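> Any chance you could fold what I've pasted below:
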Amino acid sequence: MGKKQNPIVNVECPCCHAKLKVDAELSEVIAHEAPPRVLPDVNLNDADNILERQAAAREDKFRQSWEAEKKKEDVLSRKFEEALKKAKEGPAEKPVRDFDLE
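Take a look at the predicted model:
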């Protein structure tokens with residue numbers, strides 16, 4: 001009698017749609033076919049508009065981070081004042097350690 005062929009299972013990845021051939025007996029991938037490449041749907045005539053929007057978005061993000069940096073010292077000092085006020089109002093509590101919970 002002849003040798004029994006190993007069953008090969010064809011599987012498609014649900015995420016990227018790659019095609020895999022898996023040997024069921026060995027539980028190993030024996031062949032791989034890359035998924036088809038999808039080209040972006042971009043019209044080159046609109047490239048100027050796209051670049052302008054991206055530049056404007058970068059400029060806005062930079063401006064926001066600049067404003068946040070300028071206010072950073074004030075924000076930190078107010079947070080410190082609040083924490084100091086809270087510490088003076090209430091008694092200091094003993095911190096809970098993992099060892100104490102056992």
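> Geometric centre of the chain: which residue is closest?
residue 15 (16.4 Å; Cα atoms, centre = their mean).
> What pLDDT is listed against that residue?
You'll see residue 15 listed with a pLDDT of 87.
> which phi and psi does residue 61 have?
The phi/psi pair for residue 61 (degrees, to the nearest 10) reads phi -60, psi -40.
> returning to what we had before: tell me the secondary structure for the residue nearest to the centre of the chain?
Look at residue 15: counting by DSSP: H, G, I helix; E, B strand; the rest coil, its state is coil.
> Give me the contact list for stretch 36-45.
Stretch 36-45 has contacts (Cβ atoms under 8 Å, 6 or more residues apart in numbering) with 17, 50. Every residue, glycine included, has its C-beta placed from N, CA and C.
> just to revisit the earlier point, the residue nearest to the centre of the chain and residue 40, how far apart?
According to Cβ to Cβ, to the nearest Å, residue 15 stands 19 Å off from residue 40.
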